[in-house]
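Enquirer: Provided below for reference: sequence and predicted model.
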Number of protein chains: 2
Amino acid sequence: MDLGKRLRTRGYRMTPQRIAIHEVLEENEGKPLCPDDIHMLAGEKYPELGLTTVYRTMELFVKLGIALPVHLHEESQHYEINSGIHHHHMVCISCGSVEVLETCLIDELKELVRDDSDFLVTSHCMSLFGYCTGCLKAGKA
Amino acid sequence: MDLGKRLRTRGYRMTPQRIAIHEVLEENEGKPLCPDDIHMLAGEKYPELGLTTVYRTMELFVKLGIALPVHLHEESQHYEINSGIHHHHMVCISCGSVEVLETCLIDELKELVRDDSDFLVTSHCMSLFGYCTGCLKAGKA
DNA sequence: ATAATTATTGATAACCACTTTCAATAGGAG
DNA sequence: CTCCTATTGAAAGTGGTTATCAATAATTAT
């Protein structure tokens, strides 16, 4: 489904700002971006774009399931396009690069949780921290 | 090893503020506290305690391995005493309560990561979100 | 013990990410 | 095309956290 329809069917409007931001997210699939990153990148497509609009748009995109919030333990929140494929991230503590990890053991964990508690898991968050290939080869570990 | 020794052997001083904060962390093992919580609770033991000192002390305790930072996706950072027993947290999205989960599948995951990438995992973070027993029984899910 | 040294503290101001406010603008339904 | 109202950007406001700095207090050397 295209962006215009996803917005209009829920009473929201299609604007050049939202189009620019959406394009940036699509062009950076798998690479979490913070509001400043998005502001700069989408600003190349639509220079008048305000940072406030970026914050508002990301909140909306998350609500509509268009984008996903990513917690990297950095000062600012990050976001990425919702590709529909569940995954996690591996963050290099040397160079800051982020890799996608499609493996997820949440289902196994959910069963273990059910065994010894009545907690109902509805969502989860996981990130791995360490050294990426490049930094390992450069001896930075 | 007692707090005084852990501090002094690394050139830091033992102060009543640090003692009060450490006691509060010990009394709340398994319950992540934010700086404001710590300020209020330790303030009962040492009323002149300043919030600034809480922030500085937690930074120091984390550096010394006395405390661990806990990311609950809330506005403020949380901390808990480092018991030496690795665990994660289950956060109730209805009442906000936090339960400890000792099960962790990081070792299995590390092997899977090693299989298809050269990323070297040094640490990780995981939290589960959902409904606690109480909220489930109260029909809040 | 006492004095000297310097880590620590608390109040205040500064900072930064993010949110709210509000008047001006611009989608899009009719 | 017109009107209704969602959306926008600038600027002010928040809230958590950090930096500044003079006063204080924990250790070390005397």
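Expert: Thanks, I have the structure now.

Enquirer: distance from the chain centre to the strand ranked longest in chain A, please.
Expert: The longest strand of chain A (DSSP state E) is strand A:120-131. Centroid displacement of strand A:120-131 relative to its chain, using Cα atoms, centre = their mean, to the nearest Å, is 13 Å.

Enquirer: so is the very next helix or strand once past it next to chain B?
Expert: Where DSSP states H and E defines the elements, the next helix or strand beyond strand A:120-131 is helix A:133-137. Yes. Helix A:133-137 lies within reach of chain B by Cβ under 8 Å from any Cβ of the partner chain, at A:133, A:136. Where C-beta positions appear, they are placed from N, C-alpha and C, glycine not excepted.

Enquirer: what residues sit buried inside helix A:133-137?
Expert: Going by neighbour count (16 or more other Cβ atoms under 10 Å in any protein chain shown), the buried part of helix A:133-137 is A:135, A:136.

Enquirer: avg pLDDT for it?
Expert: The pLDDT scores in helix A:133-137 average 95.

Enquirer: what's the neighbour count on residue A:108?
Expert: By other Cβ atoms under 10 Å in any protein chain shown, 12 other residues sit near residue A:108.

Enquirer: try residue A:87
Expert: Residue A:87 has 15 nearby residues by other Cβ under 10 Å.

Enquirer: wait, what's in contact with it?
Expert: Residue A:87 sits next to A:30, A:100, A:101, A:102, A:104 when contact means Cβ atoms under 8 Å, 6 or more residues apart in numbering or on different chains.

Enquirer: distance check, it against DNA strand D.
Expert: 27 Å (Cβ to the nearest atom of the strand, to the nearest Å).

Enquirer: now residue A:35
Expert: 12 Å.

Enquirer: isn't that residue right next to residue A:76, touching?
Expert: Yes. Counting by Cβ atoms under 8 Å, residue A:35 touches residue A:76, with 6.4 Å between them.

Enquirer: which of those two has more residues huddled nearby?
Expert: residue A:35 (17 against 10).

Enquirer: pLDDT value on the more buried one, please?
Expert: 98.

Enquirer: number of residues surrounding residue A:129?
Expert: Quick note: residue A:129 (other Cβ under 10 Å) scores 18 neighbours.

Enquirer: ditto for residue A:71
Expert: 16.

Enquirer: restrict the contacts of residue A:87 to contacts with DNA strand D.
Expert: Among those, not one lies near DNA strand D by Cβ under 7 Å from any atom of the strand.

Enquirer: can you list the residues of chain A near DNA strand C?
Expert: A:4, A:7-8, A:13-16, A:34-35, A:51-52, A:55-56, A:59, A:75-77.

Enquirer: buried ones among these?
Expert: A:7, A:34, A:35, A:77.

Enquirer: now the helices for chain A?
Expert: Along chain A, the segments classed as helices by DSSP state H run A:3-8, A:16-27, A:35-45, A:51-63, A:106-116, A:133-137.

Enquirer: least confident of the ones you listed, on average?
Expert: Looking at those, the bottom one is helix A:106-116 with a mean of 89.

Enquirer: so what secondary structure elements neighbour it?
Expert: strand A:120-131 (3 or more Cβ pairs under 8 Å, 6 or more residues apart in numbering or on different chains; DSSP states H and E).

Enquirer: what does the strand it packs on contact?
Expert: A:71-73, A:88-94, A:101, A:104, A:106, A:109-110, A:113, A:140-141, B:73, B:90, B:93, B:109, B:113, B:119-131, B:136, B:141.

Enquirer: please, a PyMOL command that selects the buried ones among these?
Expert: Restricted to buried positions by 16+ other Cβ under 10 Å, the PyMOL selection for those reads:
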select buried, (chain A and resi 71+72+88+89+90+91+92+101+104+106+109+110+113) or (chain B and resi 90+109+113+119+120+121+124+125+126+127+128+129+130+131+136)
